[in-house]
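S.K.: sequence and predicted structure are below.
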Amino acid sequence: MACIPVLTQAETYRIATYAAPLSRDGPGLLLRDILKGEDAQIAAIARIIAEIAPDVLVLTDFDYDLEGHALAAFSASLNTPYPYQFAARPNTGIATGLDMDQNGRTGEARDAQGYGRFAGDGGMAILSRMPIVADEVRNFSDLLWQDLPGAVLPQVDGKPFLPPAVSSIQRLSTSGHWVVPIQTPDGVTFHLLSYAATPPVFDGPEDRNGLRNRDELRLWETLLDGDMGPAPNSFVLAGNANLDPIAGAGLSGAMAAFLENPALQDPLAGLPTANWDDDGPGDLRVSYVLPSTDWRVTNAGVFWPAPDDPMAALLGDDGLAAGVHHLVWVDISR
């Protein structure tokens with residue numbers, strides 16, 4: 001396993017995102033599986049993280065608990081633990097008591113603020129080797145969908161699909177939208193823009209999930225335009241957009257347009273990050289690490305070794321030992 005060097009002045013920083021399947025079927029089960037140390041999937045994920053050795057890692061499918069026990073245990077289980085950790089309560093699994101998807105039933109996973117079988121199901125988490133300024137985090141997760149400037153909510157036959165009781169409480173973020181300050185050893189603070197959007201499928205002709213997915217991306221556009229308070233000068237956007245700029249079921253044009261935003265760089269244009277079955281979505285680009293233009297990109301990649309690469313063993317015989325998503329990383333410096 002790769003050793004992780006101590007950060008020094010003028011260091012290159014490796015920022016990564018990983019939609020690793022670190023969610024389980026109920027509260028507390030992820031912590032149980034981490035502590036037991038017998039889960040092959042968790043072990044595969046940990047080996048991949050150790051191999052890439054990011055300085056900052058955004059996990060976009062990690063069960064949340066209030067005291068952060070699972071995140072601390074996962075960090076401790078890694079080859080070199082991360083001294084700084086952050087997670088805020090996600091919208092996933094927050095019960096509403098309403099029929100949010102309008103299927104005639106309540107109390108289902110899709111009736112939560114964000115899809116979730118229990119509170120905190122498949123949330124987000126950040127591990128960092130550099131200090132996180134937790135008391136200066138900007139959390140937009142409670143923003144109502146209808147309150148996003150220019151929001152497009154679903155309609156059927158020209159009428160709102162969501163009744164007022166639903167639209168008046170429906171948050172935009174499926175999991176969360178965080179702006180997290182990170183302090184680098186060279187005295188520079190940059191902002192980590194982290195999120196995990198809904199898959200733009202599993203709905204009907206109203207395209208509820210597709211439109212929400214697009215507006216979850218548009219929240220970042222609005223922030224970078226300065227329409228939601230101060231726009232960050234130096235940042236890295238890292239997370240799971242669940243949206244390919246060319247293929248897939250989502251509103252791909254929104255992702256393609258976002259990648260042309262002059263405020264950011266796209267070091268990995270065209271590379272897929274997930275390998276679903278060919279009779280399903282197929283290979284798509286859904287996870288992104290996008291630095292602002294003040295950074296110098298020195299390297300970048302998706303951990304997806306060729307079958308004849310010795311590193312392919314980390315993914316297992318079927319390539320799915322750590323799930324369908326692949327870790328995405330970018331090296332940046334000043």
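M.R.: Great, that's in hand.
S.K.: how about the strands in the stretch 101-250 of the chain?
M.R.: Assigned by DSSP state E, counting those that start in this stretch, the stretch 101-250 of the chain shows strands spanning 123-128, 138-139, 155-156, 159-160, 177-183, 189-196, 235-240.
S.K.: tell me the most buried of those strands?
M.R.: Across these, the average number of neighbours (mean count of other Cβ atoms under 10 Å) peaks for strand 235-240, which reaches a mean of 28. All C-beta spots, glycine's among them, are computed from the backbone N, C-alpha and C.
S.K.: can you pull the buried residues of stretch 70-78?
M.R.: 70-75, 78 (16 or more other Cβ atoms under 10 Å).
S.K.: from the chain's centroid, how far away is that stretch?
M.R.: Remark: stretch 70-78 is offset 18 Å from the chain centroid, using Cα atoms, centre = their mean, to the nearest Å.
S.K.: ok, residues contacting that stretch?
M.R.: Here stretch 70-78 makes contact (Cβ atoms under 8 Å, 6 or more residues apart in numbering) with 22, 30-31, 34-35, 37, 42, 46, 49-50, 62-64, 81-82, 85, 87, 125, 127.
S.K.: do stretch 211-221 as well
M.R.: Counting by Cβ under 8 Å, 6+ apart, 140, 143, 145, 148, 150-154, 172-174, 177, 193, 195, 197-200, 228, 237, 241-243, 250-251, 254-255, 258, 261 sit against stretch 211-221.
S.K.: show me what contacts the spatially closest residue to residue 177 that is not a sequence neighbour?
M.R.: Residue nearest to residue 177 in three dimensions, not counting chain neighbours: residue 140, with 4.1 Å by Cβ to Cβ, 6 or more residues apart in numbering. Contacts for residue 140 were tallied using Cβ under 8 Å, 6+ apart; they are 172-173, 176-179, 219, 223, 228.
S.K.: can you get me a residue count around residue 213?
M.R.: Counted with other Cβ atoms under 10 Å, residues neighbouring residue 213 total 25.
S.K.: what about it, distance to residue 303?
M.R.: As judged by Cβ to Cβ, to the nearest Å, residue 213 and residue 303 stand 25 Å apart.
S.K.: let's see which of the buried residues of stretch 70-78 end up in strands.
M.R.: Mapping those onto strands (DSSP state E) picks out no residues; all lie outside.
S.K.: re earlier: let me know which of the strands of the stretch 101-250 of the chain is the nearest to residue 282.
M.R.: Each of those has some distance to residue 282 by Cβ to Cβ; the shortest is strand 235-240, at 17.0 Å.
S.K.: how far does that closest one sit from the chain's center?
M.R.: Distance of strand 235-240 from the chain centroid (Cα atoms, centre = their mean) equals 8 Å.
S.K.: please apply the same query to stretch 237-251.
M.R.: 11 Å.
S.K.: do me a favour and get the end-to-end distance for it?
M.R.: 20 Å (Cα to Cα, to the nearest Å).
S.K.: and stretch 146-165, by the same measure?
M.R.: For stretch 146-165, the separation between the terminal residues is 12 Å (Cα to Cα).
S.K.: what are the buried residues along that stretch?
M.R.: Neighbour-count burial for stretch 146-165, counted by 16+ other Cβ under 10 Å, picks out 146, 148, 151, 153-154, 161-162.
S.K.: now, among the residues you listed, which is nearest to residue 97?
M.R.: Of all the buried residues of stretch 146-165, residue 97 sits closest to residue 162, with 15.0 Å by Cβ to Cβ.
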